[in-house]
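Colleague: the following comprises the amino acid sequence and a computationally predicted model.
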There are 2 protein chains.
Amino acid sequence: MSASFLNSRRLMALFPILEWLKTYTRQDSHDDLFAGTITAILLVPQGIAYALLAGLPPQLGLYASILPPAIYALMGTSRTLSVGPVSIAAIMIAGALSAPEISALGNPMQNALLLSAESGLIMLAMSLLRLGGLVNFISHPVLAGFTSGAALLIIGSQLPQLLGLKPPDCVLDLACYSSYFSSINTATLIISTASISVLIFFGKPITVLLKKTGASVSLVTAISKCGPLLTVIIATLVVNQLNLSAQHVAIVGNVPAGLPELSLAFVDGHKAHLLLPYAAFIALIAYVESVAIAKVTANLRGQKIVPNQELIALGFANLSAAISGGMPVAGGFSRTMVNFSAGARSQMAMLIAAALLGLAIIFFSPWFTDIPKSALAAIILVAVIRLVRVKHIFHTWAYDRADGIAEVVTLLGVLILGIEEGIALGIVLTIASHLRKSSHPHIAIVGRVPETEHFRNIKRHSVETWHHLLLVRIDENLSFANISYIEDYLETELRRRPDTRHIILIFTSVSDIDTTALEALELFNKSVLATGRTLNISEAKGPVLDKLQKTDFIEQLKPGKVFFRTEDAVKELG
Amino acid sequence: MSASFLNSRRLMALFPILEWLKTYTRQDSHDDLFAGTITAILLVPQGIAYALLAGLPPQLGLYASILPPAIYALMGTSRTLSVGPVSIAAIMIAGALSAPEISALGNPMQNALLLSAESGLIMLAMSLLRLGGLVNFISHPVLAGFTSGAALLIIGSQLPQLLGLKPPDCVLDLACYSSYFSSINTATLIISTASISVLIFFGKPITVLLKKTGASVSLVTAISKCGPLLTVIIATLVVNQLNLSAQHVAIVGNVPAGLPELSLAFVDGHKAHLLLPYAAFIALIAYVESVAIAKVTANLRGQKIVPNQELIALGFANLSAAISGGMPVAGGFSRTMVNFSAGARSQMAMLIAAALLGLAIIFFSPWFTDIPKSALAAIILVAVIRLVRVKHIFHTWAYDRADGIAEVVTLLGVLILGIEEGIALGIVLTIASHLRKSSHPHIAIVGRVPETEHFRNIKRHSVETWHHLLLVRIDENLSFANISYIEDYLETELRRRPDTRHIILIFTSVSDIDTTALEALELFNKSVLATGRTLNISEAKGPVLDKLQKTDFIEQLKPGKVFFRTEDAVKELG
């Protein structure tokens, strides 16, 4: 019995849908139907747009919006995350596919499916190795700098689409640029401008207007989220009716009708080998962004995200993307917020959205042909411009200089060196600055707050001191990274205070002493004893004392001692 | 006046000899003359032996023992460090010179001089960039593992010399090995065995014996340190008298007479480029070992080592080695201990040793020809076998598992992958384990020790608690590396204690909160407020409060508060 209980618990951990379906109500299903429909309306233009952004045929984005979100719905721990094509992954795919050694391979569609499959396998491997915690080593400033940089790259990549130009061949040549920009396609420019205007209007303005009319919240939500679909419908009708494609307005072109076929035909060992580093970065970023977004919405409802299960769910979602002919997927920020604010209660909303998208591709794919690329570029532009967070940079810079530098360097790294290089640079920088910080720990000489048992920094409080006692509080674990700084500090203080007879190290903040630090303390104690002084320890925590008792360090301290409280040390030595 | 005072201070910082010469006494000069002579006696065989170990002609070791220690004597901050050829650097040089891309260049002597010059320049660059602190990122366990591994490699490299064999060509082929070992040169083996016996006898046994006879300490020291020279003299006389070189006993061969000429003829841009990575590792290890040894002796006499000045002194010492035809140099452990225990008061001892070595090479170099290589191999073997610290590995393993793993992995890495790869692996491992540790901070739920103002871990002490207060002490700085662990911890505790109304984070051990941690705390506070609870902070230190006051975090906490003392928080909320 206990075994089957365990199995059902494990099954529920692997398929959280089994957990929440048990308490699923009729009201929940109403809410999910509404939210799922709204999200599907957003998914159609986004799917096509992000596939084009990645340099791929539109169906790779649409296919990525059917099976992968359905798989995630069964396995994901977030109730509201909307998995599918996302802008940041799309620009990373574009970068990978256009890299010289990859584009030389030909067949970008196959390469994209390989990227999906490999990202999925990498996520599954990470979950097996319990490497979900790796995500913590991408700090918020690095992620913010990376996101801003990638968003700027996306905007840059969409400008030619908005103006009806081919990507420029000019390099710092004014004459070339002026002739390049003189070939702007007027019809395209008008569609872009109109699309952007409609999208902006369907943002805040329409919400404010509708609220004034007293419309219900769900109606306001529903209408305001239709902006992208409406933009696409109007633009497509205009292009179709005025036959603008004859006037060189770029259109999406033929989209194959019907559901994708499942296939493993994309598998190719040699290509997979070359694509692996790109897939690794895509997997890392897809995972980090998805978990970050999932956490935001889960926190707002007091729900819990299990990082390792997310790796499994996203891993299988990406594998299913590859098999069903889709580009790599992740949780999208804007879609998830739309789904959440439309009132989604569970992943049932995403199952509904996936089903609707399946119907759309079966019945409406001929209608996708005439969608002007400029309208899709407008949708991308309006979506990603919010990701460029200039204010965040200033806030970070003001709060923590090292974090500010990491954010700016990552942003510039992404723009100048490339996406993978930028994020790698940011991560290295964060770790280096973390090590530098922990090699300069905060150390305070303390004295007693009169008539209490509290000991505080002599520089910040008016406290009692004793001229032959040196009370030093070290505010960090002692390790190879900081022990020589601590030693130098103590030696300098001893030279400044030649009267010192007893040094008392206060270990309130010390939870660990590594081998390097222990050996350095042993040497330091020897030199302290040689000058006729003693080294003492107070307020050491249990785990630290346990560890020291494995050695003869406490023995070596004699006549120095280990005191439970600093107060005791002062009473005995003071 | 103030400017010239500053200049003289700067001059003394650059040339510490100007400082200690001011108080130099006649007694000091007697002590230094004695210690310098003893060290010179050791330097002659060591210089030749380490040059051969590096795969170089003997004079490169002898030349490295003249000008470089003299330069260090003027500029080094250690009074007793003996700079010259050392075993670990020698095996690294051997590795570099025998690497396929380097040996293809030909002219190993020129390559060795380039390594000296580049190591010197790298040290000087490190001092300009104030990178002396980098040394802290090589932890003691990694250094110990590296030293043990390198010592084992050295021993392995000396076995053929001791047995009179060429390095084997066999790879896992028993027949080959048996025919290989059957060609052992008996005369060589006898010299090796006799040399090792004499050297061991001149270690502890002779000291114990002489002390029993009541001989003075300095006499005991002088005699016991003559072991290597005596070994070489006896072995050379035997070889010479019995004409053993005709019986295939390998000898040192011709050593050019006279002092080295100064020259820059070794400079070659292409070669320098290829040698750079090897030189970087040699510079790093030479610096780390020298400073470690210098610190040991300085601590014993209450003197101070200035790491950045050491980089300058060792940098110029290596440059001078290159220009005067010597191999790369560093502070040698055994020589420094000999110099120190022979009573050296200052670097004057090293100036004397350098002068004696200069005289030796002018007058005695013909005598070096017949030194049997096996006697030198015996000297190396006896010197480095002490560097294999098996006990240290067990101690480290018992005290700190992560450090133990780093030590073993570094040792195996050096043996299996190579010297540079092994130490690089060790450094990466140490940093990774440091990050892992700091991502799992120690967190304690605390209560009040009755009738005091002390708050201690509820798991370790019998303390008062309040069912609607959650008092949590976080024992580390809050950073990107650990904040999600801390968040998970708090969320788990809140689920376990649904009665909690106020969370009090005790920041006694928190000296910094980075941007990632701040943003996570803001989100956490929102979810706490959403469940009708409050988040409070107590015992925050000055620098942390200063930083938080730059943001509106304290505002966001309301009705949560910042308390000076945990006691205050308990009084108000308890």
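Modeller: Ah, there it is.

Colleague: which residue ranges of the stretch 51-200 of chain A form helices?
Modeller: A:59-63, A:67-75, A:87-98, A:100-103, A:108-128, A:140-163, A:174-182, A:186-201 (DSSP state H, counting those that start in this stretch).

Colleague: what's the fifth one packed up against?
Modeller: Looking back up the chat, that one is helix A:108-128. Secondary-structure packing of helix A:108-128 (3 or more CB pairs under 8 Å, 6 or more residues apart in numbering or on different chains; DSSP states H and E): helix A:87-98, helix A:269-300, helix A:307-323. Using the backbone N, CA and C atoms, a C-beta is placed for each residue, glycine as well.

Colleague: mind giving me the packing neighbours of the shortest one?
Modeller: With contacts defined as 3+ CB pairs under 8 Å, 6+ apart, the secondary structure elements packing on helix A:87-98 are helix A:26-53, helix A:108-128, helix A:140-163, helix A:269-300, helix A:373-384, helix A:419-438.

Colleague: residues touching A:H248, list them.
Modeller: Counting by CB atoms under 8 Å, 6 or more residues apart in numbering or on different chains, A:H248 makes contact with A:G164, A:N185, A:A187, A:T188.

Colleague: could you dump these to TSV with pLDDT and distance to B:R389?
Modeller: TSV is the format used below for those (pLDDT from 0 to 100; distance: CB to CB, whole Å):
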residue	pLDDT	distance to B:R389
A:G164	83	73
A:N185	87	75
A:A187	89	79
A:T188	91	74
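
Colleague: ok, back up a step: which of the helices and strands packed on helix A:108-128 is buried the deepest?
Modeller: Greatest average neighbour count among the helices and strands packed on helix A:108-128 goes to helix A:307-323 (a mean of 26), per mean count of other CB atoms under 10 Å in any protein chain shown.

Colleague: immediately after that helix, which helix or strand?
Modeller: Toward the C-terminus, helix A:307-323 is succeeded by strand A:330-331 as the next helix or strand (DSSP states H and E).

Colleague: stretch A:281-291 and chain B, are they touching?
Modeller: No. Stretch A:281-291 does not reach chain B (CB under 8 Å from any CB of the partner chain); its nearest approach is 9.4 Å.

Colleague: contacts for that stretch, please.
Modeller: Contacts for stretch A:281-291 (CB under 8 Å, 6+ apart): A:81, A:83, A:86, A:88-89, A:92-93, A:96, A:115, A:118-120, A:122-123, A:126, A:134-135, A:138, A:143, A:146, A:305, A:307, A:310-311, A:314, A:318, A:328-331, A:333, A:419-420, A:423.

Colleague: name the nearest residue to A:P366, sequence neighbours excluded.
Modeller: Nearest residue to A:P366, sequence neighbours excluded (CB to CB, 6 or more residues apart in numbering or on different chains): A:A257, at 6.7 Å.

Colleague: actually A:G332, not the one I wrote
Modeller: A:V86 (4.4 Å).

Colleague: distance check, that neighbour against chain B.
Modeller: Counting by CB to the nearest CB, to the nearest Å, the gap from A:V86 to chain B is 21 Å.

Colleague: repeat that for A:R26.
Modeller: For A:R26, the distance to chain B (CB to the nearest CB) stands at 26 Å.

Colleague: next one: that residue from A:A349, what distance?
Modeller: 15 Å (CB to CB, to the nearest Å).

Colleague: tell me which of these two has more neighbours.
Modeller: When A:R26 and A:A349 are compared for neighbours, A:A349 comes out ahead with 31 against 7, by other CB atoms under 10 Å in any protein chain shown.

Colleague: now the helices of the stretch 51-200 of chain A in JSON lines, with distance to B:R130?
Modeller: Output for these, formatted as JSON lines (distance: least, CB to CB, whole Å):
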{"stretch": "helix A:59-63", "distance to B:R130": "51"}
{"stretch": "helix A:67-75", "distance to B:R130": "50"}
{"stretch": "helix A:87-98", "distance to B:R130": "37"}
{"stretch": "helix A:100-103", "distance to B:R130": "40"}
{"stretch": "helix A:108-128", "distance to B:R130": "38"}
{"stretch": "helix A:140-163", "distance to B:R130": "25"}
{"stretch": "helix A:174-182", "distance to B:R130": "44"}
{"stretch": "helix A:186-201", "distance to B:R130": "51"}
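
Colleague: so which of these is the most packed in?
Modeller: helix A:59-63 comes out most buried of the helices of the stretch 51-200 of chain A by mean count of other CB under 10 Å, with a mean of 27.

Colleague: for it, the averaged confidence score.
Modeller: Helix A:59-63 shows a mean pLDDT of 95 in the predicted model.

Colleague: list of residues touching that helix?
Modeller: A:44, A:46-52, A:54, A:85, A:109, A:112, A:255-256, A:260, A:321, A:324-327, A:357, A:360-361.

Colleague: can you tell me which of those are buried?
Modeller: The neighbour-count test (16 or more other CB atoms under 10 Å in any protein chain shown) marks A:44, A:46-52, A:54, A:85, A:112, A:255, A:260, A:321, A:324-327, A:357, A:360-361 as buried among the contacts of helix A:59-63.

Colleague: what separation do you get for the residue of the stretch 151-300 of chain A found nearest chain B and A:F507?
Modeller: Residue nearest to chain B within the stretch 151-300 of chain A (CB to the nearest CB): A:N299, separated by 4.7 Å. For A:N299, the distance to A:F507 equals 35 Å [CB to CB].

Colleague: check A:I88 too.
Modeller: Counting by CB to CB - A:I88 and A:F507 are separated by 45 Å.

Colleague: domain map for chain A?
Modeller: Structural domains assigned to chain A are A:27-431, A:443-573, following automatic domain parsing.

Colleague: can you add distance to B:H395 and give the ones you listed back as JSON lines?
Modeller: Output for the domains of chain A, formatted as JSON lines (distance: least, CB to CB, whole Å):
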{"stretch": "domain A:27-431", "distance to B:H395": "29"}
{"stretch": "domain A:443-573", "distance to B:H395": "8"}
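
Colleague: nearest to B:P277, out of those domains?
Modeller: domain A:27-431 (18.7 Å; CB to CB).

Colleague: isn't the residue nearest to A:P366 up against A:T369?
Modeller: No. Checked against CB atoms under 8 Å, the pair A:A257 and A:T369 is beyond contact range at 10.6 Å.

Colleague: please say which of the two ends up with more neighbours.
Modeller: A:T369 (16 against 13).

Colleague: which is the succeeding secondary structure element to the helix-or-strand element of chain A with minimal mean pLDDT?
Modeller: Of all helical and strand segments in chain A, the minimum by mean pLDDT, DSSP states H and E falls on helix A:2-14, at a mean of 70. Sequence order places helix A:17-21 as the next helix or strand after helix A:2-14, per DSSP H and E.

Colleague: how about low-confidence regions in the stretch 51-200 of chain A?
Modeller: A:167-172 (pLDDT under 70).

Colleague: show me which residues of it sit near chain B.
Modeller: Within reach of chain B by CB under 8 Å from any CB, the stretch 51-200 of chain A has these residues: A:G133, A:V135, A:N136, A:F137, A:I138, A:S139, A:H140, A:P141.
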